[in-house]
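*Asks:* everything below, folded, please.
(2 chains)
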Amino acid sequence: MKTFLLITTLMAFALTAGIAIAAEAKEGEVAKIEWLTSLDQAIEQAKAQNKPILLDFFNPR
Amino acid sequence: MDTVTYPTPAVSEFIQRNMIPVRIVADEENRSIFITFEIRWTPTLITLGKDGREHFRTVGFLRPEPLIASLMLGIGKIHFDRREYKEAISEFDKLVAQYPKTAFAPEAVYYRGVAGSKATNDLKPLKEAYGKLSAEYPTSEWTERAYPYSLLK
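*Replies:* Numbering: from 1, shown residues only, chains lettered A, B, ... in the order given. Got it, this is the predicted structure:
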């Protein structure tokens, strides 16, 4: 019975710790830049969120 | 930019938190917007107000710290152009405090002086700007541009 309780406790601890680590990873996640591809859409969002626009002209080649 | 600068957490977080990012790729479909903004070389990064009006641009690769500083300068210039001098001063001061070694810092010191002068109707902030520029950025073109302020009484 004692062994069963110990194993159950250890499993619960491992599960909680796993959840905690997963949550931490999510909190620590770096915000990826979510680029829009339309200036009109950017202006619409900029007005709604009261933010300036970063317009990046680039050539991937 | 995609290999070094944009993946840097401080950069992506700054952009996501403070701006609406939009990317226009150089292809036939986007020809007209390249012409509208007179883009001759890439990367060209432009800071626009929420109305789509241009306030600042840079051409060429920037490392993470200079990129953030350039964006802060652009945001400061939006406030400056709108005569929101208090907000402009706050943005220029933040840039100089956080990224004093970037090439954009002397320009921020210069515009901080101008915004301060316009906000207070006093010439003192211009003289102070020249004092800081000549002491900390003696070889900068912005120190040269501010030289006449040293002659103010």
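*Asks:* CA atoms of stretch B:110-126 as CSV?
*Replies:* The C-alpha trace of stretch B:110-126 is given here as CSV (Å, rounded to 0.1, in the frame of the first residue of the first chain):
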residue,chain,number,x,y,z
TYR,B,110,19.6,66.4,-32.2
TYR,B,111,15.8,66.0,-32.6
ARG,B,112,15.4,65.8,-28.9
GLY,B,113,16.9,69.3,-28.7
VAL,B,114,14.6,70.6,-31.4
ALA,B,115,11.5,69.0,-29.9
GLY,B,116,12.5,70.4,-26.5
SER,B,117,12.9,73.8,-27.9
LYS,B,118,9.6,73.7,-29.7
ALA,B,119,7.8,72.4,-26.7
THR,B,120,9.1,75.1,-24.3
ASN,B,121,9.6,77.9,-26.8
ASP,B,122,13.1,78.2,-25.4
LEU,B,123,16.5,77.9,-27.1
LYS,B,124,18.2,76.2,-24.1
PRO,B,125,17.4,72.6,-25.3
LEU,B,126,19.2,73.3,-28.6
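*Asks:* contacts for it, please.
*Replies:* B:73, B:76-77, B:80, B:83, B:85-86, B:88-89, B:92-93, B:96, B:128-130, B:133, B:142, B:145-146, B:149, B:152 (C-beta atoms under 8 Å, 6 or more residues apart in numbering or on different chains). (C-beta placed from N, C-alpha, C; glycine too.)
*Asks:* B:Val114 sits in which helix or strand?
*Replies:* With secondary structure defined by DSSP states H and E, B:Val114 is part of helix B:105-120.
*Asks:* C-terminal to that helix, what's the next element?
*Replies:* helix B:124-136.
*Asks:* contact partners for the residue nearest in space to the middle of chain B?
*Replies:* Centroid-nearest residue in chain B, with C-alpha atoms, centre = their mean: B:Leu73, separated by 2.1 Å. B:Leu73 makes contacts with B:Phe56, B:Glu91, B:Phe92, B:Leu95, B:Phe104, B:Glu107, B:Ala108, B:Tyr111, as judged by C-beta under 8 Å, 6+ apart.
*Asks:* would B:Gly52 count as being in a helix?
*Replies:* No. Secondary structure of B:Gly52 (DSSP: H, G, I helix; E, B strand; the rest coil): coil, not part of a helix.
*Asks:* what's near enough to touch it?
*Replies:* A:Leu39, A:Ile43, A:Ala46, A:Ile53.
*Asks:* show me where the chain has its strands.
*Replies:* This is for chain A. For chain A, the strands defined by DSSP state E occupy A:53-58.
*Asks:* chain B, not that one
*Replies:* Using DSSP E, strands in chain B cover B:20-25, B:44-48, B:54-59.
*Asks:* hang on, the earlier thing: separate out the buried members of the contacts of stretch B:110-126.
*Replies:* B:73, B:76-77, B:80, B:85, B:88-89, B:92-93, B:96, B:128-130, B:133, B:142, B:146, B:149 (16 or more other C-beta atoms under 10 Å in any protein chain shown).
*Asks:* worst mean pLDDT across the helices and strands of chain A, which element?
*Replies:* Lowest by mean pLDDT, DSSP states H and E among the helices and strands of chain A is helix A:2-27, with a mean of 46.
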